[in-house]
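>>> sequence and predicted structure below; questions after.
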Amino acid sequence: MKKIAMVFVLSLYATSALAKVNVVATLPFIGSLAKEIGGDRIDITVLIKSNQDPHFVEAKPSMILAVRKADILIYNGLDLEIGYLPVLIESSKNPAIQPGKAGNLDCSRYVAPIERLPSADRSMGDVHPLGNPHYIYSPKNIFRVAEGITEVLSAVDSVNAVFYMESFAAFKERFNKKQAEWGKGQLKEKKFIAYHNMFSYLSSEFGFQIKGYIEAKPGIPPSAGHIEGLIEAMKRERPDAIIITPDAGRKETEFLTQKTGVKTIILPRDVGSTPAAKDWFSLMDEILSLLQ
């Protein structure tokens with residue numbers, strides 16, 4: 001009987017050790033970072049598509065089902081998912097991923113946000129009082145987020161904590177090499193016009209300037225008067241390019257290019273937006289290469 005009991009206990013332990021952590025990420029880059037750390041010890045479900053604007057997402061039954069099964073829910077934060085994530089969390093009835101629980105990981109708690117607003121109202125457009133949420137393009141912040149994901153995975157799945165820490169060490173080594181490569185780029189003298197205020201972290205860390213925005217206010221299509229004013233400003237400033245993502249701004253940028261001769265650069269929004277952007281590192285490689 002003792003031998004049978006021992007075999008049973010060992011069997012339970014083995015099953016527990018082999019069980020993968022079920023991770024749900026809202027955005028592709030978050031799923032990519034989680035996979036860098038979690039490797040084959042986790043299963044990843046990503047809710048939002050690579051070229052989908054996360055500002056305009058509605059909760060779907062399939063999303064609720066995914067969140068209901070999650071051991072860890074990882075999201076961008078800074079209210080980027082405010083339109084759908086609270087509904088998913090509440091409707092899932094999953095105690096593990098409720099606010100304040102170990103399985104609820106708001107990545108922005110590891111971020112140093114910029115452009116905080118003391119107050120905001122709808123007349124200002126689609127603004128984010130907690131700070132600019134597009135830190136996906138900020139190596140400094142992404143490193144902290146990867147570290148945070150490591151901490152949470154290690155806490156929720158302590159059996160594999162050493163594996164996660166070793167994965168983070170490999171991530172850190174790769175990160176340091178890439179930082180050295182990216183630092184050799186020549187962006188500090190460049191000037192750009194952008195469609196949406198997505199690239200503030202990128203411009204701050206790599207030294208280029210955003211001289212204007214096609215959106216007069218975030219999330220609000222530009223008026224004819226704003227476009228005309230932008231054309232005059234572009235003729236004076238002579239920016240190097242207009243930068244947009246695939247999901248917005250093509251019609252306006254074609255018009256601006258026609259009127260000013262300033263080229264348009266389409267940057268991948270997220271991991272998976274292009275065949276080359278296979279993970280966060282290659283996403284940054286492509287973006288920085290396109291801006292050179």
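Looks like it arrived, so ask away.
>>> just for the stretch 1-150 of the chain, where's the confidence low?
Scanning the stretch 1-150 of the chain for pLDDT under 70 picks out 1-18, 119-127.
>>> how many residues are close by residue 186?
11 (other CB atoms under 10 Å). Just so you know, the C-beta spots here come from the backbone N, C-alpha and C atoms, and that holds for glycine as well.
>>> apologies, that question was intended for residue 214.
Around residue 214 there are 21 residues (other CB under 10 Å).
>>> the closest residue to it other than its chain neighbours and residue 218, how far apart?
Of all residues not flanking residue 214 in the chain, residue 195 sits nearest, at 4.5 Å (CB to CB, 6 or more residues apart in numbering). To residue 218, residue 195 is 10 Å away according to CB to CB, to the nearest Å.
>>> compare the two (neighbour count), which wins?
More crowded of residue 195 and residue 218, by other CB under 10 Å: residue 195, with 22 against 16.
>>> so the more buried one makes contact with residue 215?
Yes: the criterion here is CB atoms under 8 Å, and residue 195 meets it with residue 215 at 6.3 Å.
>>> can you tell me the centre-most residue of this structure?
residue 136 (4.1 Å; CA atoms, centre = their mean).
>>> pull the contacting residues for the nearest residue to that one once chain neighbours are set aside.
Distances taken as CB to CB, 6+ apart put residue 29 closest to residue 136, at 5.0 Å, once the chain neighbours are dropped. With contact taken as CB atoms under 8 Å, 6 or more residues apart in numbering, residue 29 is in contact with 136, 142, 270-271, 280, 283.
>>> mind listing the helices in the protein by residue range?
2-18, 28-38, 61-68, 85-92, 139-156, 161-182, 200-206, 224-237, 250-260, 280-291 (DSSP state H).
>>> which elements pack onto the last one?
When contacts are defined as 3 or more CB pairs under 8 Å, 6 or more residues apart in numbering; DSSP states H and E, helix 280-291 packs onto helix 28-38, helix 161-182, helix 200-206.
>>> I'd like to know how many residues surround residue 116.
11.
>>> re earlier: which one of the helices and strands packed on helix 280-291 lies nearest to residue 118?
Of all those, helix 200-206 sits nearest to residue 118, with 17.7 Å by CB to CB.
>>> for that closest one, name the packing helices and strands.
Secondary-structure packing of helix 200-206 (3+ CB pairs under 8 Å, 6+ apart): helix 139-156, strand 209-213, helix 280-291.
>>> which strands or helices does the shortest one pack on?
In this structure, strand 209-213 packs against strand 191-194, helix 200-206, helix 224-237, with contacts taken as 3+ CB pairs under 8 Å, 6+ apart.
>>> most tightly surrounded among the helices of the chain?
Greatest average neighbour count among these goes to helix 28-38 (a mean of 25), per mean count of other CB atoms under 10 Å.
>>> export it to PDB, keeping only CA atoms.
The C-alpha trace of helix 28-38 is given here as PDB (Å, rounded to 0.1, in the frame of the first residue of the first chain):
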ATOM      1  CA  PRO A  28       0.800  40.800 -29.400                       C
ATOM      2  CA  PHE A  29       3.900  42.400 -28.000                       C
ATOM      3  CA  ILE A  30       2.900  41.400 -24.500                       C
ATOM      4  CA  GLY A  31       2.300  37.800 -25.700                       C
ATOM      5  CA  SER A  32       5.800  37.900 -27.300                       C
ATOM      6  CA  LEU A  33       7.400  39.100 -24.100                       C
ATOM      7  CA  ALA A  34       5.600  36.400 -22.100                       C
ATOM      8  CA  LYS A  35       6.700  33.800 -24.500                       C
ATOM      9  CA  GLU A  36      10.300  35.000 -24.200                       C
ATOM     10  CA  ILE A  37      10.200  34.400 -20.500                       C
ATOM     11  CA  GLY A  38       7.800  31.500 -20.300                       C
END
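>>> that'll do, ta.
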